[in-house]
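Chemist: show me the folded form of this:
(one chain, ligands or ions: 2)
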Amino acid sequence: MNDVILRTPTVESVIHCGDGAFARYAPALAARRLFVVTDSNVFAYYRYLIWQTFGDETPVHILPAGETSKTMRNLTAILRAMVQAEIKRGDTVIAFGGGVVGDIAGLAASLYMRGVRLVQIPTTLLAQVDSSVGGKTAVDFEGVKNLVGSFYQPEEVICDPVFLKTLPDREVRCGLGEIVKYGALDGEIYSELIANSQNLKTPEFLDKITYMCVRHKAEVVSADEHDLNGRRKTLNLGHTTGHAFELFYRKKSHGEYVLIGTYYELYIAEKLNVCGHDYAESIRKLINAVIGKVPAFADVRSAARLAKFDKKNSGSQISLVVPAERGRCAEISLDEESYPALLEECAARLKSRAK
Ligand code: ADP
Ligand code: ZN
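Modeler: Numbers count the residues shown, from 1 in each chain. Ligands and ions are numbered 1, 2, ... in the order given. As a prediction, this is how the structure comes out:
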């Protein structure tokens, strides 16, 4: 087990990583007054653990499982249940679940009485390596993902791989998508991925790499908590195109689209001489190791239009964060004509290879 400390100018959070972290750190929380938020799937698997650890009198608010639960209505329902449970300023919200639970419960904790204590217990690989760390909270609003939210650091995060045992393979691939992203940002993570490319899904590997990703993210967030100086933006590597494909096609998981986006963006980075061929090839191999063949999408032009709405862009330029070399990424800006044209070239190449 390893602890990571995330320091910002205003708070310090501690992230406990590793096998046994839940058993070691969660029971102490039962001494406080708690309000647990989870979802219906997670509750079905872990209701006895929740009752046993936090006491069966502890209020548990159960959201419907799924991406579409991050609504204002569900946020209001959580706040109402907190009032009914007579939650006070010094009490603690526990977000027990994946990224959806973490985002909405974190927002509720930041709003209720101007902020109550918050502990994140992420149960998906994606939430463990990425979304539970860094204090971003949000719900979707007016059809826009994560439009309404806040920065609100949890006091404590408990990342225990024990929860991954029940996680469906699709969700493991989803988390691996972000892990490969960290590999493109951090040389040590890259080497670890390359050395283990044949056993990326083993518990031992996931245990170790989760700690490394959390450490990387905590460092970035400490340097740029509010996404202002460019450091935190690097965490969007592969996301401009990945997110556009995700919005347009909506079939695979977020992390898989991030990998597909990274693959297409690597083509652009190589073509513009931002990234060398051998390094690009090694990242492509990692991507293939997680998701198999990358699809040659038929309509990248329509998908590319959605990249325009990305929060990172300024004016009509499309901004991409791409791998450059081991341990270094670079930002590329493209205009509205060349970006879809380059994506089309990549799709055409993928198609001709598939024949
Ligand atoms: P993410 O963490 O990928 O942002 P979600 O919070 O929607 O997204 O979680 C993905 C799915 O996995 C949801 O259906 C959720 O109920 C389910 N889930 C979360 N944790 C576990 C777990 N430990 N075992 C099984 N299913 C889980
Ligand atoms: Zn992501």
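Chemist: okay, now the domains of this structure?
Modeler: Under the assignment automatic domain parsing, the domains of the chain span 2-166, 170-354.
Chemist: output the below-cut-off pLDDT ranges for the chain.
Modeler: Within the chain, the stretches with pLDDT under 70 are 310-314, 355.
Chemist: about what we covered before: got a markdown table for the domains of the chain, with distance to ligand 1 too?
Modeler: C-beta coordinates here come from the backbone N, C-alpha and C atoms, glycine included. A markdown table is the format used below for the domains of the chain (distance: least, C-beta to the nearest ligand atom, whole Å):
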| stretch | distance to ligand 1 |
| --- | --- |
| domain 2-166 | 2 |
| domain 170-354 | 5 |
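Chemist: could I get those domains as a markdown table with mean neighbour count?
Modeler: A markdown table is the format used below for these (neighbours: other C-beta atoms under 10 Å):
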| stretch | mean neighbour count |
| --- | --- |
| domain 2-166 | 19 |
| domain 170-354 | 19 |
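Chemist: ranges for the helices of this protein?
Modeler: For the chain, the helices defined by DSSP state H cover 21-25, 40-54, 72-84, 99-111, 125-126, 169-185, 187-195, 203-223, 239-249, 254-271, 277-291, 300-307, 338-354.
Chemist: which helices and strands does the first one pack with?
Modeler: With contacts defined as 3 or more C-beta pairs under 8 Å, 6 or more residues apart in numbering; DSSP states H and E, the packing partners of helix 21-25 are strand 156-159.
Chemist: show me what the strand it packs on is packed up against.
Modeler: Secondary-structure packing of strand 156-159 (3+ C-beta pairs under 8 Å, 6+ apart): strand 12-17, helix 21-25, strand 117-122, helix 203-223.
Chemist: need the ones you listed in TSV (columns: distance to Arg328).
Modeler: Formatted as TSV, the helices and strands packed on strand 156-159 follow (distance: least, C-beta to C-beta, whole Å):
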stretch	distance to Arg328
strand 12-17	25
helix 21-25	31
strand 117-122	28
helix 203-223	13
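Chemist: now Leu125, nearest residue through space, not along the chain?
Modeler: Closest residue to Leu125 apart from its sequence neighbours, by C-beta to C-beta, 6 or more residues apart in numbering: Gly175 at 2.5 Å.
Chemist: go ahead and confirm Leu147 touches Asp140.
Modeler: Yes: at 6.4 Å, Leu147 and Asp140 qualify as touching, with contact defined as C-beta atoms under 8 Å.
Chemist: please name the bridge partners of Glu325.
Modeler: Arg328 (DSSP bridges).
Chemist: what sits against it?
Modeler: By C-beta atoms under 8 Å, 6 or more residues apart in numbering, Glu325 lies in contact with Cys275, Gly276, Tyr279.
Chemist: Ile194 and Tyr263, how far apart?
Modeler: Using C-beta to C-beta, to the nearest Å, we find Ile194 at a distance of 17 Å from Tyr263.
Chemist: sorry, that was for His216
Modeler: With C-beta to C-beta as the criterion, His216 and Tyr263 are 21 Å apart.
Chemist: could you do Glu345 as well?
Modeler: Distance of Glu345 to Tyr263, given as C-beta to C-beta: 13 Å.
Chemist: one more: Gly230?
Modeler: Note on Gly230: its distance to Tyr263, by C-beta to C-beta, is 24 Å.
Chemist: now Val144
Modeler: Distance, Val144 to Tyr263, by C-beta to C-beta: 26 Å.
Chemist: and which of the contacts of Glu325 is nearest to Pro323?
Modeler: Of all the contacts of Glu325, Pro323 sits closest to Cys275, with 5.6 Å by C-beta to C-beta.
Chemist: could you pull up the residues touching the closest residue to the closest one other than its chain neighbours?
Modeler: Distances taken as C-beta to C-beta, 6+ apart put Ala269 closest to Cys275, at 3.9 Å, once the chain neighbours are dropped. If a contact means C-beta under 8 Å, 6+ apart, then Ala269 has Cys275, Ala280, Leu320, Val322, Pro323, Ala324, Ala330, Ile332 as its contacts.
Chemist: likewise Gly18?
Modeler: Per C-beta under 8 Å, 6+ apart, neighbours of Gly18: Met1, Asn2, Cys159, Asp160, Pro161, Asp207, Thr210, Tyr211.
Chemist: now with 6 Å?
Modeler: By C-beta atoms under 6 Å, 6 or more residues apart in numbering, the contact set of Gly18 is Met1, Asn2.
Chemist: hmm, Ala223 and Arg7 touching each other?
Modeler: No: look at Arg7 against Ala223 with C-beta atoms under 6 Å: they stay out of range, at 10.1 Å.
Chemist: if the residue lying closest to Gly106 once chain neighbours are set aside is in a bridge, with which residues?
Modeler: If the residues on either side of it in the chain are set aside, Gly106 comes closest to Thr137, at 3.4 Å by C-beta to C-beta, 6+ apart. When bridges are called by DSSP bridges, Thr137 pairs up with Ser150.
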